[in-house]
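**Student:** Next come a sequence and a model predicted from it.
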Amino acid sequence: MSCQHVDTLPVEVTADSKEGCPECLALGEHGWVHLRMCLSCGHVACCDSSPHRHATAHHQSTGHPVMRSCEPGENWRWCYVDDRIV
């Protein structure tokens, strides 16, 4: 299943962090549960099961619609605008 927002994404983006959630790291925390990567700009952030929910905050502040899982073996993407897996 897809959505119109997937069609507007860049062909390729590079993750801006390989160490974890930059916002959590700046707070001196390592308590994220899972990481997500923005498919518009490559920003890596923690998931909604994490205390700070930085991936959702990134969407809310930028309007970037689609994140993907950074977890090994996972390839799903989430569209915040359509509120569904795409």
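**Tutor:** Structure received. Predicted model, so just to flag it, every value in this text is computed and none were measured. Numbers count the residues shown, from 1 in each chain.
**Student:** any chance you could map the strands in this structure?
**Tutor:** Taking DSSP state E as the criterion, the chain carries its strands at 35-38, 44-46, 66-69, 77-79, 84-85.
**Student:** how about the helices of the protein, start to end?
**Tutor:** Taking DSSP state H as the test, the helices found in the chain are 22-26, 54-62.
**Student:** Point out the one among those helices that comes closest to Glu12.
**Tutor:** Proximity to Glu12 (Cβ to Cβ) singles out helix 54-62 among the helices of the chain, at 18.5 Å. Placement of C-beta: from N, CA and C, glycine included.
**Student:** Which elements pack onto that closest one?
**Tutor:** Contacts defined by 3 or more Cβ pairs under 8 Å, 6 or more residues apart in numbering; DSSP states H and E place helix 54-62 against helix 22-26, strand 35-38, strand 44-46, strand 66-69.
**Student:** try 7 Å this time
**Tutor:** strand 44-46 (3 or more Cβ pairs under 7 Å, 6 or more residues apart in numbering; DSSP states H and E).
**Student:** Excluding its own residues, what touches the strand it packs on? List them.
**Tutor:** Strand 44-46 has contacts (Cβ atoms under 7 Å, 6 or more residues apart in numbering) with 15-17, 21-24, 32-33, 35-37, 52-55, 58, 70.
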